[in-house]
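Novice: fold the following and give me the result.
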Amino acid sequence: MSSVVPPSPALPTSGSFRGVFIALLLIASYSLSTGTFAKNTSTSTKNPTPKAKQPPNKLPAQGRPYALRDDAMQLADDIAARRDLDRDWVRKAVGEAQYLPLISKLMSPPAQGTVKNWRVYRSRFIDPVRINAGVAFWQAHRDALARAQAQYGVPPEIIVGIIGVETIYGQQVGNFRVIDALATLTFDFPNSHPRARERREYFQSELEQFLSLASRTGQDPLALRGSFAGAMGLPQFMPSSWSKYAIDFDGDGKVDLFNSPTDVIGSVANYFRAFNWQAGMPTHYTVTFDATRVNLDVLLAPDILPTFSVARFTALGAVLPEAALGHTGPLALVELQNSGGEPNYVAGTENFYAITRYNWSSYYAMAVIELGQAVAAAVRIKSPP
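Specialist: Numbering: from 1, shown residues only. Below is the predicted model:
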């Protein structure tokens, strides 16, 4: 989900439309397996947050086991030594991992000239299915959401937006064995990718983190399932992020991002606090331009990194609403392209940037924000104060 080796808990691919396209492709490709799971868990009002246990469904077609690869077995030995893990246990886990050609294919770089379209992207996430599921999630876990806001400063709509965009509140947590995904991306990351070496190193680190996590928590590394990139649970945390940011928010003595919505809520909030979420700060402001003096090249040069003071931002031709003129932190001009149409623009704050640390994409951040807003509005309608 990111354009560089990310701190992201979730999908570590490019911050473009490719991640969304791939996710939709996977959902369609495995509708026979994941569709049944989603259907069985999305309609209950008594238990609106489905248990995201590893579904006993058909796995994607598998290839050769990595036990046949000398480099894989050598890495298993190295991991065992570095992490002080049982050597035979690590060799068995890595050796029983299967090469999945589909994952290598999905990680191949997108075709040149792929055009971004915010309106299309938005329509994939802000829809009745996610909004209704979000309302049920919010109502079922209102107390945990309020506690997370009080403790970490992250409002419910942001947490709800993240979980909705990532997995529709647990309905689509992924059906790949995590060990297969991470092994494939460690040993068979596509060479055609412009940053193949960097990405292999990243996934090797995640494989090591995953094995350490499974050993520490007593979980079977061959049983856990997740996304094609190895992200897990309702919030789609990568193993390193699970180790760094996941917390026991329900107080039962363990961290469970598959089956404890309370742990998920606290962990997402904790993640944002680690990336400098500021309580009470808006995520963005509307922006228009003074056509006589706007300098888009300068305004867009820092990309999504908040860089400009309000004074500098407006001096470059950006026109902000009155509420934004008192903003004391830096701003970024965020451009959301619409294929050949006019782009959408917003003035992103440091909190907008914090959301992009979950997934390095401004499109993703806006989808999270707008889904959260839509769910919050529906909650107010159904449960007025």
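Novice: is Phe258 in a helix, a strand, or coil?
Specialist: Three-state call for Phe258 (DSSP: H, G, I helix; E, B strand; the rest coil): coil.
Novice: so it makes contact with Gly174?
Specialist: No. Applying CB atoms under 8 Å, one finds Phe258 not in contact with Gly174, separated by 10.7 Å. C-beta coordinates here come from the backbone N, C-alpha and C atoms, glycine included.
Novice: any residues in contact with both of those two?
Specialist: Residues touching both Phe258 and Gly174 (CB atoms under 8 Å, 6 or more residues apart in numbering): Met232.
Novice: quick one, which of the two is more surrounded?
Specialist: Each of Phe258 and Gly174 has its neighbours counted (other CB atoms under 10 Å); Gly174 has more, 28 against 19.
Novice: check which helix or strand covers that one.
Specialist: Using DSSP states H and E, Gly174 falls within no helix or strand.
Novice: I'd say it and Ser227 touch.
Specialist: Yes. With contact defined as CB under 8 Å, Gly174 reaches Ser227; the gap is 4.0 Å.
Novice: now the strand or helix carrying Met73: buried residues?
Specialist: In this assignment (DSSP H and E), Met73 forms part of helix 70-83. Buried residues in helix 70-83, counting neighbours by 16 or more other CB atoms under 10 Å, are found at 72-73, 75-76, 79-80.
Novice: helices and strands around that helix, which ones?
Specialist: helix 87-96, helix 178-187, helix 196-217 (3 or more CB pairs under 8 Å, 6 or more residues apart in numbering; DSSP states H and E).
Novice: for it, output the C-alpha coordinates as CSV.
Specialist: Provided in CSV are the C-alpha atoms of helix 70-83 (Å, rounded to 0.1, in the frame of the first residue of the first chain):
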residue,chain,number,x,y,z
ASP,A,70,18.5,-24.3,-0.5
ASP,A,71,18.2,-20.5,-0.2
ALA,A,72,14.9,-20.8,1.7
MET,A,73,16.3,-23.4,4.1
GLN,A,74,19.4,-21.2,4.7
LEU,A,75,17.2,-18.3,5.5
ALA,A,76,15.2,-20.4,7.9
ASP,A,77,18.4,-21.3,9.7
ASP,A,78,19.5,-17.7,9.8
ILE,A,79,16.1,-16.6,11.2
ALA,A,80,16.2,-19.3,13.9
ALA,A,81,19.7,-18.1,14.9
ARG,A,82,18.8,-14.4,14.9
ARG,A,83,15.5,-14.8,16.8
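Novice: and the contacts of that helix?
Specialist: Here helix 70-83 makes contact (CB under 8 Å, 6+ apart) with 66-67, 85-87, 89-91, 93-95, 97, 183, 186-187, 204, 207-208, 211-212, 215.
Novice: between that helix and helix 87-96, what angle do the directions make?
Specialist: 140 degrees (axes from the mean of the first three to the mean of the last three CA atoms, to 10 degrees).
Novice: now the chain, which segments are flagged as low pLDDT?
Specialist: For the chain, applying pLDDT under 70 flags the ranges 1-62, 113, 384-385.
Novice: not counting sequence-adjacent ones, nearest residue to the residue of it most remote from its centre?
Specialist: Here the chain reaches farthest from its C-alpha mean at Thr292, the gap being 39.6 Å by CA atoms, centre = their mean. Leaving aside its sequence neighbours, Thr292 sits nearest to Gly317 (CB to CB, 6 or more residues apart in numbering; 7.7 Å).
Novice: hmm, the one you found is touching Asn295, no?
Specialist: Yes. Gly317 lies in contact with Asn295 (CB under 8 Å); the separation is 5.8 Å.
Novice: so for these two, which sits in the more crowded spot?
Specialist: The residue with more neighbours, out of Gly317 and Asn295, is Gly317; 17 against 13, by other CB under 10 Å.
Novice: which stretches of the stretch 151-300 of the chain form strands?
Specialist: Counting by DSSP state E, counting those that start in this stretch, the stretch 151-300 of the chain has these strands, from start to end: 176-177, 225-226, 284-286, 288-289.
Novice: distance to Pro306 and mean neighbour count for those - can I get that in TSV?
Specialist: Converted to TSV, the strands of the stretch 151-300 of the chain look like this (distance: least, CB to CB, whole Å; neighbours: other CB atoms under 10 Å):
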stretch	distance to Pro306	mean neighbour count
strand 176-177	36	24
strand 225-226	32	26
strand 284-286	10	18
strand 288-289	18	14
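Novice: so which of the ones you listed is nearest Ile163?
Specialist: Set against Ile163 and scored by CB to CB, these come closest in strand 225-226, at 14.8 Å.
Novice: show me what contacts Val90?
Specialist: Residues near Val90 by CB under 8 Å, 6+ apart: 76-77, 79-80, 211.
Novice: of those, which is the nearest to Val334?
Specialist: Leu211 (38.0 Å).
Novice: surely the closest one is in contact with Ala93?
Specialist: Yes. Look at Leu211 against Ala93 with CB under 8 Å: they come within range, at 6.1 Å.
Novice: give me the three-state assignment for Phe125.
Specialist: With three-state DSSP as the basis, Phe125 sits in coil.
Novice: can you report how many residues lie near it?
Specialist: Residues within reach of Phe125, counting by other CB under 10 Å, total 23.
Novice: ok, the one 3 residues further on next?
Specialist: Here the number of neighbours of Pro128 (other CB under 10 Å) works out to 9.
Novice: give me the distance between it and Arg216.
Specialist: Distance check for Pro128 against Arg216: by CB to CB, to the nearest Å, it reads 40 Å.
Novice: what of Ser362?
Specialist: To Arg216, Ser362 is 35 Å away according to CB to CB.
Novice: what of Phe203?
Specialist: Counting by CB to CB, the gap from Phe203 to Arg216 is 20 Å.
Novice: the more surrounded of the two?
Specialist: Neighbour comparison, Phe203 and Arg216: the larger count goes to Phe203, with 25 against 11 (by other CB under 10 Å).
Novice: surely the more buried one touches Leu182?
Specialist: Yes. Phe203 is within contact range of Leu182, at 5.8 Å (criterion: CB under 8 Å).
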